[in-house]
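Novice: return atomic coordinates for the entry below.
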Amino acid sequence: MKLAGKYSVPLMALFMTLAMDSTMTFTMTALISGFAEDFALRFARGFAIGFLVGFPTSLLVLPAVRRLVNKLTGE
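Specialist: Prediction:
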């Protein structure tokens, strides 16, 4: 099943946010608190906050970044 092209920006923002947020949250949680007993809880909390901030930001920023990249690459 393929989705309509109009969903490309929100899907790109969603997948990029999930990838970046999980990577950064894992790294920062491990650096700050180590792999303590409550690591999973700290990770989940940080991930949720990061996603709530990151996804709307990605939706706003991604179109401008695409335009900039297209100008820089001549596409």
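Novice: residues near residue 17, how many?
Specialist: The tally of other residues near residue 17 (other C-beta atoms under 10 Å) stands at 21. (Glycine included, C-beta is placed from N, CA and C.)
Novice: so which bits of the helix or strand that it is a member of are buried?
Specialist: For residue 17, the host element (DSSP states H and E) is helix 8-33. Neighbour-count burial for helix 8-33 flags 13, 17, 21, 25, 29 (criterion: 16 or more other C-beta atoms under 10 Å).
Novice: before we move on, what about stretch 34-42?
Specialist: Neighbour count says stretch 34-42 has residue 42 buried, by 16+ other C-beta under 10 Å.
Novice: which other residues reach it?
Specialist: Contacts with stretch 34-42, where a contact means C-beta atoms under 8 Å, 6 or more residues apart in numbering, come from 29-30, 33.
Novice: can you do 10 Å?
Specialist: 25-26, 28-30, 32-33, 45 (C-beta atoms under 10 Å, 6 or more residues apart in numbering).
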